[in-house]
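Chemist: Sequence first, predicted coordinates after that:
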Amino acid sequence: VGWLMGIVAVAGDAGTTTAVALAAAWPASADVIIVEADPSGGDLAAWFDLTATPSLSTVVTQVPDGAWPAVERLTRLADSGLRLIPAPSRSLEATQAVGEAGRSLAPTLATLRSPLTIADTGRLGPAPGSHPFVVSAAVTVVVHRQSTQSSRAAAVRQQRLAEQLDSFTALPTAVVVAVVGAAPFDVGEIRSFLADSVGAVTIVGLPVDELTAAVFGGRTGVSERRLARLPLMRASRDLAVVVDELLAESASALWRSPR
């Protein structure tokens with residue numbers, strides 16, 4: 001994994017787990033920070049057994065110009081080694097903090113070569129362009145968890161996914177779809193459906209891995225070595241490679257663009 005630049009937004013079902021897995025899978029030599037920018041409220045402080053503050057609210061209040069050195073002093077370090085800015089747990093405060101982050105924090109993070117920001121933006125609404133971290137992202141990972149109720153229910157969710165992806169066409173962010181679960185449709189079938197609906201889409205499959213999700217949620221007793229071998233962590237390393245390639249393409253396009 002090479003070039004680091006700006007923001008990777010992670011949005012959709014199981015977005016928090018995917019954002020943490022992607023950050024954990026990123027090479028240790030790279031500087032990465034997780035920003036929890038979910039307007040519905042944050043979980044990461046509780047997941048990592050951290051105090052509620054400083055949070056995203058603290059950052060946007062105390063550093064209104066978004067200057068990175070001051071922001072960096074307010075970041076949190078989890079026992080796992082992951083660095084993060086958690087969102088407030090209450091939805092009203094989280095919504096306000098995410099909105100304020102659009103004024104300077106997100107634009108500032110988007111211009112940094114390091115650290116890479118992995119932003120958990122929560123579930124996508126009908127207008128993803130209204131989320132400041134999606135607008136500022138070089139790459140957006142849209143997480144789609146398949147419905148296991150029936151193939152018909154899963155097909156309906158695919159249609160909604162196509163609608164969401166169609167709304168990204170007006171945004172500058174590159175998009176990769178992370179499909180959670182291998183049934184009832186495999187990645188190839190979903191890729192074909194989306195190609196017919198919205199055009200060629202980059203897709204990575206992620207397994208349903210309850211143990212890894214539980215570890216991220218605070219479960220203890222799983223060694224770092226064992227965690228690295230679990231299915232979600234292995235698949236997240238593949239996702240990191242794909243995202244990094246898209247970051248490199250985005251950086252190359254930026255340098256080629258007229259100034």
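Modeler: That came through fine.

Chemist: What ranges in the stretch 1-150 of the chain fall below the confidence cut-off?
Modeler: Within the stretch 1-150 of the chain, the segments meeting pLDDT under 70 span 1-5.

Chemist: Just the helices from it, written as ranges.
Modeler: Along the stretch 1-150 of the chain, counting by DSSP state H, counting those that start in this stretch, helices occupy 15-25, 44-47, 56-62, 68-72, 91-101, 105-111, 132-135.

Chemist: okay if I get these as JSON lines plus mean neighbour count and distance to Leu206?
Modeler: (Each C-beta comes from the backbone N, C-alpha and C, glycine too.) Output for those, formatted as JSON lines (neighbours: other C-beta atoms under 10 Å; distance: least, C-beta to C-beta, whole Å):
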{"stretch": "helix 15-25", "mean neighbour count": "26", "distance to Leu206": "7"}
{"stretch": "helix 44-47", "mean neighbour count": "20", "distance to Leu206": "18"}
{"stretch": "helix 56-62", "mean neighbour count": "19", "distance to Leu206": "26"}
{"stretch": "helix 68-72", "mean neighbour count": "14", "distance to Leu206": "30"}
{"stretch": "helix 91-101", "mean neighbour count": "19", "distance to Leu206": "25"}
{"stretch": "helix 105-111", "mean neighbour count": "21", "distance to Leu206": "25"}
{"stretch": "helix 132-135", "mean neighbour count": "24", "distance to Leu206": "20"}
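
Chemist: May I see those arranged in CSV, with distance to Ala162 as well?
Modeler: Below are these laid out as CSV (distance: least, C-beta to C-beta, whole Å):
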stretch, distance to Ala162
helix 15-25, 18
helix 44-47, 30
helix 56-62, 31
helix 68-72, 36
helix 91-101, 26
helix 105-111, 27
helix 132-135, 18
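
Chemist: quick one: contacts for Thr117?
Modeler: Gly6, Ile7, Val8, Val32, Ile33, Ile34, Val35, Leu109, Ala110, Phe133 (C-beta atoms under 8 Å, 6 or more residues apart in numbering).

Chemist: From the residues you listed, keep the buried residues only.
Modeler: Gly6, Ile7, Val8, Val32, Ile33, Ile34, Val35, Leu109, Ala110, Phe133 (16 or more other C-beta atoms under 10 Å).

Chemist: Please tell me how far the third one sits from Asp186.
Modeler: Okay, so that is Val8. For Val8, the distance to Asp186 (C-beta to C-beta, to the nearest Å) stands at 25 Å.

Chemist: where does the stretch 151-259 of the chain dip in pLDDT?
Modeler: For the stretch 151-259 of the chain, the ranges with pLDDT under 70 are 252-259.
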